[in-house]
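Chemist: Need coordinates for the following:
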Amino acid sequence: MLEHQLSYSIIIPTYNRPERLKTCLESIANLNFPVEQFEVVIVDDGSAKPLDDLINSFNHKLSIQLIRQHNAGPATARNTGASQAKGKYLVFTDDDCQVDSNWLQAFDKGFNKNPHALLGGYTINALSNNLYSEASQLLVDYLYHYYNTDSEQAIFFTSNNFALSKQLFSEIGGFDTSFPLAAGEDRELCDRWLSHAYPMQYLPEAIIHHSHQLSLRKFWQQHFNYGCGAFYFHQVRSQRKQESIKVEPFTFYIQLLLYPFYTSSNQPKILLSLLFSISQIANILGFFWTRFKQKRAFDQSINNAQISNKKQMT
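Modeler: As a prediction, the model looks like this:
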């Protein structure tokens, strides 16, 4: 007799955040969805302390498995989890997220209508009193507003809240693990998904709450890293499609700076707009710093090769 296939595998990469992971798992244990139809796959990306006791405490509530790997980043961790998943569909979130009780139900309804789609949900900042966390999430909200205007023809989702067929995930090659930082690999996967002519659909009713504690320094570093990831994204994309880098129109940036003034955030709108400006500066610097480093490494390799050739000729 064939083993019954689970409907969903919820994959969560984690690294040195056991308390956050515990909160995440508690929210999953309260899902309004039959527990026998899904599993939870935790991929420990080389945490300093073992997670066995924490995971075992949820054995009576959830079908849960723990996979350990040497620290290799969230993209590799997600691919590792996907390779061991038993579900027909993969659902990705992060250890610092808490899912709404109807989260999985929303994805299930989406797949019943469109089983071949990449489905993306809506993320709410759980730390609304943190100015930098609020600005960071509002930036993502703006990108969703800009890129996913037509929910049936979306083009960008973040990896902490999306779901797709395991078979199609495998067919397109999963996450690109060549990205050196945890930035840009979700954007690249969405772009590659669309290049295979598969649909993307935005489901705002698939809600998670994101608790990402940020300071000004961490906010800057986050968006500098996004700039680094953007360089690798454009590089990978150009190699696949032989297309030059396209810059968003000037109106994109004007609308971005004005976006905080149209939100219901309780943070000062002018400060949010200022942080939006800072994020773009950090992004640009990260992009060109990465390009400079790569060019310098390339020039150095050419120089070393020339020196080596001269030595062989003498």
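Chemist: Any idea how far apart the tips of stretch 136-156 sit?
Modeler: Stretch 136-156 has an end-to-end distance of 16 Å (C-alpha to C-alpha, to the nearest Å).
Chemist: Can you list the buried residues in that stretch?
Modeler: Using 16 or more other C-beta atoms under 10 Å as the burial criterion, the residues of stretch 136-156 that qualify are 136-144, 147-148, 154-156. Heads up, the C-betas are built off the backbone N, CA and C, glycines and all.
Chemist: cool, stretch 212-228 as well?
Modeler: Quick answer for stretch 212-228 (16+ other C-beta under 10 Å): 212, 214, 219, 220, 222, 223, 224, 225, 226, 227, 228.
Chemist: And stretch 101-112, by the same measure?
Modeler: Judged by neighbour count (16+ other C-beta under 10 Å), stretch 101-112 contains these buried residues: 102, 103, 104, 105, 106, 107, 108, 110, 111.
Chemist: Find the nearest non-adjacent residue to the first one, please.
Modeler: Nearest residue to residue 102 in three dimensions, chain neighbours excluded: residue 32, at 5.3 Å (C-beta to C-beta, 6 or more residues apart in numbering).
Chemist: For this structure, just list every one of the strands.
Modeler: 6-14, 38-44, 64-68, 87-92, 97-99, 118-125, 162-165, 200-210 (DSSP state E).
Chemist: What ranges in the stretch 201-314 of the chain fall below the confidence cut-off?
Modeler: 242-245, 297-299, 301-314 (pLDDT under 70).
Chemist: Distance of residue 128 relative to residue 273?
Modeler: In this view, residue 128 and residue 273 are 17 Å apart by C-beta to C-beta, to the nearest Å.
Chemist: With neighbour numbers in mind, choose between those two.
Modeler: Neighbours were counted for residue 128 and for residue 273 using other C-beta atoms under 10 Å; residue 273 has more, 18 against 13.
Chemist: which residues touch the closest residue to residue 170 other than its chain neighbours?
Modeler: Excluding the flanking residues, the one nearest residue 170 by C-beta to C-beta, 6+ apart is residue 82, at 7.4 Å. Going by C-beta atoms under 8 Å, 6 or more residues apart in numbering, residue 82 touches 9, 11, 90, 166, 169, 170, 174.
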